[in-house]
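Compute the structure for the input listed below.
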Amino acid sequence: MSETMTATTSETMAIDEIVDNFSLLEEWNDRYRYLIELGRGLAPLTEHDRTEANKVQGCASQVWLTTTVRPNGANGPRLTFRGDSDAHIVRGLIAILLATFSGRPAREILSTDAIALFERLGLREHLTPQRSNGFRSMVERIRSDARAAVAVA
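This is a model prediction of the structure:
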């Protein structure tokens with residue numbers, strides 16, 4: 001793994017940087033290692049955040065996502081996410097989703113096609129169907145939170 005890939009935690013990396021790093025890795029074993037490394041960069045959730053309300057349904061692994069909504073004037077509400085899982089690869093998937101969605105306006109979240117990103121990274125053909133379904137469940141949870149924030153605003 002190069003220094004540039006390990007220098008920043010996944011929570012502060014831009015999705016474009018993650019996509020670029022994925023493209024540099026030709027072997028899928030290296031991509032899996034990178035995905036796991038991204039997950040290791042996540043700050044763990046507290047036990048207080050590991051509630052049924054934060055648990056993502058539809059994932060084979062245990063996955064928790066927390067959402068913070070802040071008003072953001074003319075751009076509407078902005079959502080910040082944190083997440084954790086008991087599975088290393090799933091933590092990496094969470095890191096990709098956080099880099100894609102966290103800190104963004106709700107309307108931007110709703111217009112972002114995370115499944116296209118998932119396919120662009122080549123994850124669909126290299127993950128089990130359960131992990132792919134879990135990824136979709138996490139995306140749907142994020143989109144649901146964004147829809148709720150827009151509705152309230």
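
So residue 81 belongs to a helix, correct?
No - counting by DSSP: H, G, I helix; E, B strand; the rest coil, residue 81 falls outside a helix, being strand.

Report how many residues lie close to it.
By other C-beta atoms under 10 Å, 23 other residues sit near residue 81. In this view, the C-beta of every residue, glycine as well, is placed from N, C-alpha and C.

Other residues contacting the biggest helix by length in the chain?
Determined from DSSP state H, the single longest helix within the chain is helix 129-152. For helix 129-152, contacts defined as C-beta atoms under 8 Å, 6 or more residues apart in numbering pick out 56-61, 63, 65, 67, 69, 76-77, 79, 81, 83, 89-90, 93-94, 97, 101, 106-107, 109-110, 114-115, 118, 123-124, 127.

Now do that helix, average pLDDT.
Taken as a whole, helix 129-152 has a mean pLDDT of 93.

quick one on the thing from earlier: please convert the buried members of the contacts of helix 129-152 into ChimeraX selection syntax.
Buried residues among these (16 or more other C-beta atoms under 10 Å), as a ChimeraX selection:
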select :56,59,61,63,65,67,69,77,79,81,83,89,90,93,94,97,101,106,109,114,118,123,127
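
Can you tell me how far the residue nearest the centre of the chain is from residue 118?
Centroid-nearest residue in the chain: residue 97, 1.8 Å away (criterion: C-alpha atoms, centre = their mean). Using C-beta to C-beta, to the nearest Å, we find residue 97 at a distance of 9 Å from residue 118.

And for residue 152?
Separation of residue 152 from residue 118 (C-beta to C-beta): 28 Å.

residue ranges with poor pLDDT in this structure?
Regions of the chain meeting the criterion pLDDT under 70 cover residues 1-13.
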